[in-house]
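Novice: generate coordinates for the sequence data below:
(2 chains)
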Amino acid sequence: MTLGYLIRKEFKQFFRNPFLPKLVIAFPVMIMLVIPWIVNMDIKNIRLTVVDKDGSSTSGKLIRTLGASEYFILEDVTGSYPEALRQLEKGRTDAVVEIPGYFEQDLVSEGRTQVQISLNAVNQIKGALGSNYLNAVCADFFAENFAPVSVSPVPAPRVSISVQNKFNPYMDYKNFMIPAYMVIVIILLGGFLPALNIVGEKEKGTIEQINITPVRKTSFIFAKLIPYWVMGLIVLSICMLLAWAVYGLSPHGGIWTVYLFSLLFIFALSGFGLIVSNYSDTMQQAMFVMFFFILVFMLMSGLLTPISSMPRWAQVITWLNPPRYFIEMMRGVYLQGCSLADLSHQLLALLGFDIFFGTWAVMSYRKTR
Amino acid sequence: MAIHAESLTKRFGNFTAVDNISFSVEKGEIFGFLGANGAGKTTAMRMLCGLSRPTSGKAVVAGIDIVKDPERIKKRIGYMSQRFSLYDDLTVSENMTLFAGIYGMREKDIAAKRTAVLTRLGLYDERDMLVGSLPLGWKQKLAFSVSIFHEPAVVFLDEPTGGVDPVTRRQFWRQIYEASERGITVFVTTHYMDEAEYCHRVSIMVDGHIAAMDTPSELKASLGAGTMDDVFYMLARNAERIG
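Specialist: Coordinates of the predicted model:
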């Protein structure tokens, strides 16, 4: 059968490529082993400069408390506020805490005082979290040292809120992101490699010899798709194995759900890559077009930021984004233990994309111009 | 008749690459399709192969209408492009097997025929070498063998001997004669006028038209030229499109 000859050809070419087989193994291993340790939304190591105008034992104690916190690095203690601001401007420090004169005296005699915090909020997340941490550390400090001193004459009723985190009890960012990294690996390999494939044959001229044969378009396109299917499943298996062995994460909702979805997702994605390849005249062109779409795929899939906090119009666009459904499945199966029955909506969506992209990939391959 | 073209025309925007050409080629004939660069040879050939749709006019190749049924033509023809277009990263015999398989030959038949063809070519010992590592002359001979492996009715050769040394060119033409003797019609473009002499009949294209068409000896006699080189020069020097 023609398809058999073509598939054999694709596999031989893939394995004879000096680079691709290594990439397909090394890429998921690198991403899974390295990235989860680097990318972290917890803000640590905020550099702090303290302006101590008081110089009392209480202010000294406060400074030591701040320095001991794992969130802060005490850069400098100075007596001059302008000097501290200069450091902030030059980027040598992230936050300035000013302890006013008569700090200790005010605390003792009046039971209240003020500490001023100036932050570099260019990095908004770092700024916001930094000020929260500083507030928290200062509040703790006062509570511990001046507990009897009440701020208001009538003690306010104390409300304590206890938060219980479901599904990811320790709020570990790694657990949340590892399924997402698997998706990123699959998107990059399963999207770029097919996009560069057919256009590569155009550049080499070999497509001419194929176009002159009576090969059926469907056979040619499926012979291109099937190897990426196999490759994608191997990549996925490497990722899942590492997630389990290194991070202790396993798909609670069932391993076969993940594989079933992956089959559908890789097919849609590689189909899309082949469409781009069919319309491109050079590898460079295909590469840039793919960059554009992959960026949109990743930023609008809920992979990095939640879809629910996107504007309404953007949420509507995400319905047209295949990775959205795949990432929902991955997080659902890994973190919540969703089973296939809970994910029928996502399954149907991906199936729809398969039919759409598969048909389009075959149609857009033109043997006659 | 193997090829019959009538008023075949191809326009790209305002540019008329092939302007109203008509000709016929007999079965088993070696038909030389000459012309300066940019005269429209490759465009005409691509239309006859079903790779490009004519703007107007019609043509029948191996009994099949090129406009109505470009895919069915492809079963009956072979094609060798100007650019080497076999797979560099497949071996000699893998390339042969792949294309034979695409043309629907059976695995058993392929293996037997492959051995025979490679032996005749003198490439049997190189059958497991990657095509990319072969010298150009060998590649061209292999590409020709692949293009006629499935015994097409017509084979189109687009400048098959460009950049090939004279000895290999001679061998290449011996292959062409063998194919012609087996009844395969050969439609060949070339810039080498000594090769034009080997053709049964030649046509010379100038600016998208066919300026002359006859046997090489008749052409020389009618223009009073000593060689095909002179014939070509006399016809093509006034061309406006020299590229």
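
Novice: would you mind splitting chain A into its domains for me?
Specialist: A:2-39+A:169-364, A:46-145 (automatic domain parsing).

Novice: which parts of the stretch 51-200 of chain A sit against chain B?
Specialist: Selection of the stretch 51-200 of chain A residues close to chain B by CB under 8 Å from any CB of the partner chain yields an empty set. All C-beta spots, glycine's among them, are computed from the backbone N, C-alpha and C.

Novice: give the residue spans of the chain that score low on pLDDT.
Specialist: By default, I'm working from chain A. For chain A, the stretches with pLDDT under 70 are A:41-43, A:146-172.

Novice: look at chain B instead
Specialist: Residue ranges of chain B with pLDDT under 70: B:242-243.

Novice: do the helix or strand hosting residue A:262 and chain B meet at all?
Specialist: Per DSSP states H and E, residue A:262 falls inside helix A:255-279. No - under the criterion of CB under 8 Å from any CB, chain B is not reached by helix A:255-279; the shortest gap measures 15.9 Å.

Novice: against which helices or strands is that helix packed?
Specialist: helix A:173-204, helix A:217-247, helix A:283-299, helix A:322-331, helix A:344-364 (3 or more CB pairs under 8 Å, 6 or more residues apart in numbering or on different chains; DSSP states H and E).

Novice: what angle separates the fourth one from helix A:344-364?
Specialist: Yep, that's helix A:322-331 we're talking about. Orientation check (axes from the mean of the first three to the mean of the last three CA atoms, to 10 degrees): helix A:322-331 against helix A:344-364 gives 140 degrees.

Novice: by contact count, what packs against helix A:322-331?
Specialist: Counting by 3+ CB pairs under 8 Å, 6+ apart, the packing neighbours recorded for helix A:322-331 are helix A:173-204, helix A:255-279, helix A:283-299, helix A:344-364.

Novice: CA atoms of that helix as PDB?
Specialist: In PDB, the C-alpha atoms belonging to helix A:322-331 read as follows (Å, rounded to 0.1, in the frame of the first residue of the first chain):
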ATOM      1  CA  PRO A 322      -7.200  23.500  20.900                       C
ATOM      2  CA  PRO A 323      -4.600  23.600  23.700                       C
ATOM      3  CA  ARG A 324      -7.200  25.100  26.000                       C
ATOM      4  CA  TYR A 325      -9.100  21.800  26.100                       C
ATOM      5  CA  PHE A 326      -6.000  19.800  26.400                       C
ATOM      6  CA  ILE A 327      -4.600  21.800  29.300                       C
ATOM      7  CA  GLU A 328      -8.000  21.600  31.000                       C
ATOM      8  CA  MET A 329      -7.800  17.800  30.700                       C
ATOM      9  CA  MET A 330      -4.200  17.600  31.900                       C
ATOM     10  CA  ARG A 331      -4.800  19.700  35.100                       C
END
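
Novice: run through who's touching it.
Specialist: A:176, A:179-180, A:182-183, A:186-187, A:257-258, A:261-262, A:265, A:268-269, A:272, A:297-298, A:300-303, A:307, A:318, A:338, A:343, A:346, A:349-350, A:353 (CB atoms under 8 Å, 6 or more residues apart in numbering or on different chains).

Novice: please point out which parts of stretch A:259-269 sit buried.
Specialist: A:260-269 (16 or more other CB atoms under 10 Å in any protein chain shown).

Novice: one more: stretch B:155-163?
Specialist: For stretch B:155-163, a neighbour-count test (16+ other CB under 10 Å) marks B:155-162 as buried.

Novice: center of chain B - which residue?
Specialist: residue B:157 (1.7 Å; CA atoms, centre = their mean).

Novice: picking up where we left off before, distance to residue B:199 and secondary structure added to the buried residues of stretch B:155-163, as CSV?
Specialist: CSV is the format used below for those (distance: CB to CB, whole Å; DSSP: H, G, I helix; E, B strand; the rest coil):
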residue, distance to residue B:199, secondary structure
B:155, 14, strand
B:156, 14, strand
B:157, 11, strand
B:158, 15, strand
B:159, 14, coil
B:160, 13, coil
B:161, 13, coil
B:162, 17, coil
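
Novice: going by distance to chain A, which of these wins?
Specialist: Closest approach to chain A among those (CB to the nearest CB): residue B:156, at 8.4 Å.

Novice: contacting residues for that closest one?
Specialist: Counting by CB under 8 Å, 6+ apart, residue B:156 touches B:45, B:48-49, B:77-80, B:187-188.

Novice: which members of these occur in strands, if any?
Specialist: Counted as lying in strands by DSSP state E, out of the contacts of residue B:156, are B:77-80, B:187-188.

Novice: possible to save those residues as JSON lines with distance to residue B:128?
Specialist: Output for the ones in strands among the contacts of residue B:156, formatted as JSON lines (distance: CB to CB, whole Å):
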{"residue": "B:77", "distance to residue B:128": "29"}
{"residue": "B:78", "distance to residue B:128": "24"}
{"residue": "B:79", "distance to residue B:128": "26"}
{"residue": "B:80", "distance to residue B:128": "23"}
{"residue": "B:187", "distance to residue B:128": "33"}
{"residue": "B:188", "distance to residue B:128": "30"}
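
Novice: ok, and which of these reach chain A?
Specialist: Among the ones in strands among the contacts of residue B:156, the ones lying near chain A by CB under 8 Å from any CB are B:77-79.

Novice: burial measure for residue 189, as a count.
Specialist: Reading this off chain A. 24 (other CB atoms under 10 Å in any protein chain shown).

Novice: the chain in question should be chain B.
Specialist: 23.

Novice: how far away is it from residue A:223?
Specialist: Residue B:189 sits 31 Å away from residue A:223, going by CB to CB, to the nearest Å.

Novice: residues contacting the spatially closest residue to residue B:86 that is not a sequence neighbour?
Specialist: Closest residue to residue B:86 apart from its sequence neighbours, by CB to CB, 6 or more residues apart in numbering or on different chains: residue B:95 at 4.7 Å. For residue B:95, the contacting residues are B:86-87, B:131, B:142, B:146, by CB under 8 Å, 6+ apart.

Novice: with adjacent residues omitted, what lies nearest to the residue in chain B that chain A sits nearest to?
Specialist: Distances between chain B and chain A by CB to the nearest CB are smallest at residue B:101, namely 3.4 Å. Leaving out its chain neighbours, the residue that sits closest to residue B:101 by CB to CB, 6+ apart is residue A:5, at 3.4 Å.

Novice: for chain B, what lies in contact range of chain A?
Specialist: Near chain A, when you scan chain B using CB under 8 Å from any CB, you find B:49-53, B:70-72, B:74-75, B:77-79, B:81, B:83-90, B:94, B:97-99, B:101-104, B:130, B:146.

Novice: drop anything exposed from the residues you listed.
Specialist: Going by neighbour count (16+ other CB under 10 Å), the residues of chain B next to chain A have B:49-52, B:70, B:74, B:77-79, B:81, B:84-90, B:94, B:97-99, B:101-103, B:130, B:146 buried.
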